[in-house]
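Participant: sequence and predicted model, in that order:
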Amino acid sequence: MSDVEGKLREAAQAHQPDRERMLARVRNGMAGAHAPRAHRQARAVSWSRVTLATLAVGATLVAGAFTASSALNDGERDRQTVAAPDDTGILSTESGPLWSDGSVDPHSNTYWAQSNITLQSGEPLAAFTLEVRIAQTGGVATTGTWQTLPGDDFEVSVRRSDGATVYRWTLKAGRTVPAGRHVFAGQYNHTPGGRDAVNDTYATTATTAGGGRYEVGGAF
């Protein structure tokens, strides 16, 4: 054995490993391995909070937009309900204590129809006239009238005029239309098929017991 080999063997036998130092290095290494994971978890929690906050702000903005849109739609409906006479001469559907609405009865069919006028008054009426014009769209011919108020209180007539069938209710002298909601209807046959009521109109003139004179009207 050479002198070099002998010295190496003696050094190896004399070496004593530092156990505590080795354990400390292992613990430090494990701690370093876990650190990135904890960092990733912290970042995930942070982004979750940002996402939730963004969603909350978005929900608030959507709710605010919906509220503003609803308020705008309500205002638009109010403007449509009360309107001045337009270029066609159609009156507004509300005036003073009077409110009115025209509609085609849902029980109308391919051969026959009924046009309803709903009138609501906040005061008794001492004078009242309602005229309904049903445009001649083909085969239109009256089949009668009716109203929720007593028939004996009105003079009722039906005639043809200017390409339309005209229904007219006139309150008799000394009679009164009570405050409340009332319906008047004109009934008629027509050419088979769907009928367009776009040119049908109605107009009402009324005087309250207190002497106020009001007019309402519209289309169907």
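Facilitator: Nice, thanks for sending it over. Numbering: from 1, shown residues only.
Participant: next secondary structure after the lowest-mean-pLDDT helix or strand in the chain?
Facilitator: When each helix and strand of the chain is scored by mean pLDDT, DSSP states H and E, helix 19-81 comes last, with a mean of 42. Per DSSP states H and E, the first helix or strand lying C-terminal to helix 19-81 is strand 94-95.
Participant: in the helix or strand that comes right after that following strand, what's buried?
Facilitator: In the C-terminal direction, the helix or strand that comes right after strand 94-95 (DSSP H and E) is strand 98-104. For strand 98-104, burial by neighbour count (16 or more other CB atoms under 10 Å) applies to 98, 99, 100, 101, 102. (Glycine included, C-beta is placed from N, CA and C.)
Participant: what does the domain assignment say about the chain?
Facilitator: 3-78, 94-219 (automatic domain parsing).
Participant: show me the shaky parts of the chain.
Facilitator: Applying pLDDT under 70 to the chain flags residues 1-91.
Participant: try it again at 90.
Facilitator: 1-91, 209 (pLDDT under 90).
Participant: pipe the buried residues of strand 98-104 into TSV and attach distance to residue 135 per row.
Facilitator: Formatted as TSV, these follow (distance: CB to CB, whole Å):
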residue	distance to residue 135
98	24
99	24
100	19
101	19
102	13
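Participant: and of these, the nearest to residue 208?
Facilitator: residue 98 (8.9 Å; CB to CB).
Participant: list the beta-bridge partners for that closest one.
Facilitator: Beta-bridge pairing for residue 98 (DSSP bridges): residue 95, residue 121.
Participant: hang on, it packs against residue 216?
Facilitator: Yes - Residue 98 lies in contact with residue 216 (CB atoms under 8 Å); the separation is 4.9 Å.
Participant: now for these two: what residues contact both?
Facilitator: The contact sets of residue 98 and residue 216 overlap at 119, 204, 206 (CB atoms under 8 Å, 6 or more residues apart in numbering).
Participant: now the last one: phi and psi?
Facilitator: It refers to residue 206. The phi/psi pair for residue 206 (degrees, to the nearest 10) reads phi -140, psi 150.
Participant: nearest to residue 183, of the shared contacts of residue 98 and residue 216?
Facilitator: residue 119 (7.6 Å).
Participant: list the contacts for the closest one?
Facilitator: 98, 99, 100, 130, 181, 182, 183, 184, 204, 216.
Participant: just say helix, strand or coil for it.
Facilitator: strand (DSSP: H, G, I helix; E, B strand; the rest coil).
Participant: gap between it and residue 193?
Facilitator: 30 Å (CB to CB, to the nearest Å).
Participant: from the buried residues of strand 98-104, pick the one nearest residue 153.
Facilitator: Nearest to residue 153 among the buried residues of strand 98-104, with distances taken as CB to CB, is residue 98, at 17.6 Å.
Participant: so what's that closest one up against?
Facilitator: 119, 120, 121, 122, 204, 206, 214, 216.
Participant: kindly recompute the last result at 10 Å.
Facilitator: Residues near residue 98 by CB atoms under 10 Å, 6 or more residues apart in numbering: 92, 119-123, 125, 128, 204-206, 208, 212, 214-216.
Participant: ok, now residue 132?
Facilitator: With CB under 10 Å, 6+ apart, residue 132 has these contacts: 102, 115-117, 145, 158, 164-169, 184-186, 200-204, 217, 220.
Participant: done for today, thanks.
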